[in-house]
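Engineer: output the structure for:
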Amino acid sequence: MPELPETETIARDLNADVRGATICAVHVRKADVLREASADELAHALIGGTIARVWRRAKLVILDVAPLWHVVVQPRFTGGLLIDHGTFAATELAYVAISLKFDDGRLLHYRDVRRLGTVALMSPARLTEYTGALGAEPLDSALDDAAFSVLIRCSRRAVKIVLMDQRILAGVGNIYANEALWRAGIDPSREARGLSDLETSALRIALVEVLTASIAARGTSFRDYRDARGERGQFVAQLAVYGRAGEACLRCGHRLVGTHAVDGRNTIFCASCQR
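Structural biologist: Numbering: from 1, shown residues only. Have a look, this model is predicted:
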């Protein structure tokens, strides 16, 4: 589930807490999460390296390990990166797939209950190629109303599907697509190319607002998501539609509709005030 706000929160936490730390050991317990390297290759590449920066691209958390490598983590549904000061309970360690041990004794665990996420080792050239296939960042200041309109209105598909297409717009998933469309007053099933300039402008503003607010609240936790310090995100208290099917619309009072007809995923909207 981690989308842009959750991965941004994790990346910021890690950049503040482990930047400058040197890796002295790599433990791979569940090698099936690895991509583009074996367990031995991962250890050989990373041991002795220093965390130069941790940052986010789309729904990825990227660890720049000087002098050469990038560790690219895609948490997907139940994955997470957690800092361990040696106090993790055995129940938590049971789901740890990969651990990096630092020279100060701390560990950074990639923990994944269902092991649907991935951890990849990439060279700078490979990272450029990989991230180059991803779409625009919705919080990029260069993505103004005009540029956003061009991206969104490129397709006959439902606008919700376009919002979540990582090749068009990177980092937006089901939670924030639902929320942004409600804020903008747009029916998720509307054909994207049929939106007006005013509507795409309202949608861009709504998307930026909801993503920014969620980052400030450290993300949304329903079940699995935790930040790098093991804490739950608090944005769930601000959700207007996601998880509220059948409840009253906070804007007009009509009952919110829940459907899987738009894109096969849970879409919640107000049929009265989203047009």
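Engineer: report the distance from whichever strand or helix holds A16 to the chain centre.
Structural biologist: Counting by DSSP states H and E, the element that carries A16 is helix 4-18. For helix 4-18, the distance from its own C-alpha centre to the chain's C-alpha centre is 11 Å (C-alpha atoms, centre = their mean, to the nearest Å).
Engineer: next: stretch 165-180.
Structural biologist: On C-alpha atoms, centre = their mean, the centre of stretch 165-180 falls 9 Å from the chain's centre.
Engineer: gap between the two ends of that stretch?
Structural biologist: End-to-end distance for stretch 165-180: 15 Å, by C-alpha to C-alpha, to the nearest Å.
Engineer: equivalent analysis for stretch 60-74, please.
Structural biologist: 5 Å.
Engineer: now what about that stretch, what contacts it?
Structural biologist: Contacts to stretch 60-74, defined as C-beta atoms under 8 Å, 6 or more residues apart in numbering, come from residues 7, 10-11, 14, 23, 45-46, 49-56, 59, 75, 79, 81, 110, 117-124, 127, 130-131. Every C-beta, even on glycine, is put in place using the N, C-alpha and C of the backbone.
Engineer: repeat that for 7 Å
Structural biologist: Identification of contacts with stretch 60-74 by C-beta atoms under 7 Å, 6 or more residues apart in numbering yields 7, 10-11, 23, 45-46, 49-55, 59, 81, 110, 117-124, 127.
Engineer: chain center to that stretch: distance?
Structural biologist: Its chain's C-alpha centre and that of stretch 60-74 lie 16 Å apart, by C-alpha atoms, centre = their mean.
Engineer: mind listing what's buried in it?
Structural biologist: 60-65, 69-74 (16 or more other C-beta atoms under 10 Å).
Engineer: from those residues, pick the one nearest Y95.
Structural biologist: Y95 lies nearest to V73 out of these, by C-beta to C-beta, at 14.9 Å.
Engineer: now do the helices in the protein.
Structural biologist: Using DSSP state H, the helices of the chain run over residues 4-18, 39-46, 90-93, 124-132, 145-152, 159-163, 174-184, 197-216.
Engineer: buried stuff in the helix holding A16?
Structural biologist: By neighbour count on 16+ other C-beta under 10 Å, the buried set for helix 4-18 is 4-15, 17-18.
Engineer: tell me the angle that helix makes with helix 197-216.
Structural biologist: Helix 4-18 runs at 40 degrees relative to helix 197-216, counting by axes from the mean of the first three to the mean of the last three C-alpha atoms, to 10 degrees.
Engineer: and L127, what does it touch?
Structural biologist: Here L127 is in contact with 70, 72 (criterion: C-beta under 7 Å, 6+ apart).
Engineer: next: Q238.
Structural biologist: Counting by C-beta under 7 Å, 6+ apart, Q238 touches 213, 217.
Engineer: what about 8 Å?
Structural biologist: With C-beta under 8 Å, 6+ apart, Q238 has these contacts: 213-214, 217.
Engineer: with adjacent residues omitted, what lies nearest to A37?
Structural biologist: Of all residues not flanking A37 in the chain, L121 sits nearest, at 3.8 Å (C-beta to C-beta, 6 or more residues apart in numbering).
Engineer: neighbours around the one you found, how many?
Structural biologist: By other C-beta atoms under 10 Å, 21 other residues sit near L121.
Engineer: you'd agree it is up against A39?
Structural biologist: No - if you go by C-beta atoms under 8 Å, L121 and A39 don't touch, sitting 10.5 Å apart.
Engineer: what number of residues lie near A25?
Structural biologist: 13.
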